[in-house]
Each structure stands twice: as C-alpha cells, then as structure tokens.
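Trainee: Below: sequence and its predicted model.
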Amino acid sequence: MWLLVGLLFVLAFVSLVMPMIPGVLMIWAGFLVYHFLIDNTTLSWLFWLVMIILTVISLVSDYVAGSYFVKKYGGSQAGEITAAIGVIVGSFILPPFGIIVVPFIAVLLIELLATRNIRQALQSSIGSLFGFLTSTMAKFLILVLMVSWFFADVYVNF
C-alpha cells in the first residue's frame, strides 16, 4: 500500500507538466489510501483541516494567476479562456513543452484577431505564460507542503 501512496504522490507532481492528471486529487487519494488501508489513527484533525485549506488555495491559484496575468498584460476574456484551453490541449501536444508553447501561440492568435495589434497580442501571450508559470510554481510549493506535512504527521505525530 505504501507503494501505491508513493505512486499517487508522484502522479500529483507529474500533473504539473501534464495538467490532465488531477494533481490535488492524486494527493488526496494517497492520503486516503494511507488512512483507510494502512493506518486510520495517525493523521490528526489538524492535518485534515490544513489539507482542505491547501487544496482550496491550490485550486483557486490556478484560476487567479492565469486570469490575473492575462488581464495585467492587456489580454481580453477570450485570451484568458484561450490560455486555459491551450494549457489542456498543449499537454497532449509535445508534452511537457506544449503546455507552454500552445497557450502562448493560441493567445497570440486570438488577441491578434481581436485587437489587430501585434504588440498587445504579444503582451497578452507573455501574460498567459507568466500566469501559467506562477500557477505551476504555486501548485508545486503547495504539493511539497502537503506531502511534507503528511510525512511529518505520519512519522512525528504532531
């Protein structure tokens, strides 16, 4: 069962470059496998509360970062939506590089069609790139924190 827990945690980190894998769900599956199939007495109530909070922060950061940076760099709502779709499509095309290249090009094209201004379209594309990178870094840090807290709770028993 520990092997399964470890595999689920690894899949959570793989989700950073393969967005079609639900990273937070993989982390939670690992927690639940541990809790129900290994030891249901170790994980504290504080652990579960903090994991719920970190899960919400992780999910919100995905949408807020992407939207914030596209808007900050002058992008339209169509650019925001295109960036989100581009990340998903890009994860299937040339993984893991497609998650950077596809949204960048897609936002550039959509913004070019909308504004007919190459500079503004390019800025929006750069905004989508910053949004993705910021969101990915936030998710990485949250995943590290979640896994670290899990092992601390299992072995140190807070």
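Mentor: Thanks, I have it. Numbering: from 1, shown residues only.

Trainee: Now do the closest residue to Phe9 other than its chain neighbours against Leu7, distance only.
Mentor: Distance criterion C-beta to C-beta, 6 or more residues apart in numbering; nearest residue to Phe9, sequence neighbours excluded, is Gly30 at 5.1 Å. C-beta: built from backbone N, CA, C; applies to glycine. Between Gly30 and Leu7 the computed distance is 8 Å (C-beta to C-beta, to the nearest Å).

Trainee: quick one: which of the two has more around it?
Mentor: Relative neighbour count places Gly30 above the other of Gly30 and Leu7, with 23 against 14, counting by other C-beta atoms under 10 Å.

Trainee: Next secondary structure after the one helix or strand in the chain whose mean pLDDT sits lowest?
Mentor: None of the helices or strands of the chain scores lower by mean pLDDT, DSSP states H and E than helix 77-90, at a mean of 83. Next helix or strand after helix 77-90 toward the C-terminus (DSSP states H and E): helix 98-115.

Trainee: helices or strands next to that following helix in the packing?
Mentor: Under the contact definition 3 or more C-beta pairs under 8 Å, 6 or more residues apart in numbering; DSSP states H and E, helix 98-115 sits against helix 77-90, helix 118-156.

Trainee: can you do 10 Å?
Mentor: In terms of contacts (3 or more C-beta pairs under 10 Å, 6 or more residues apart in numbering; DSSP states H and E), helix 98-115 is packed against helix 45-72, helix 77-90, helix 118-156.

Trainee: ok, of those helices, where does mean pLDDT dip lowest?
Mentor: Mean pLDDT is lowest for helix 77-90 among these, at a mean of 83.

Trainee: quick one, that helix and helix 118-156 angle?
Mentor: If you take axes from the mean of the first three to the mean of the last three C-alpha atoms, to 10 degrees, helix 77-90 sits at 50 degrees to helix 118-156.

Trainee: Alright, calling it a day.
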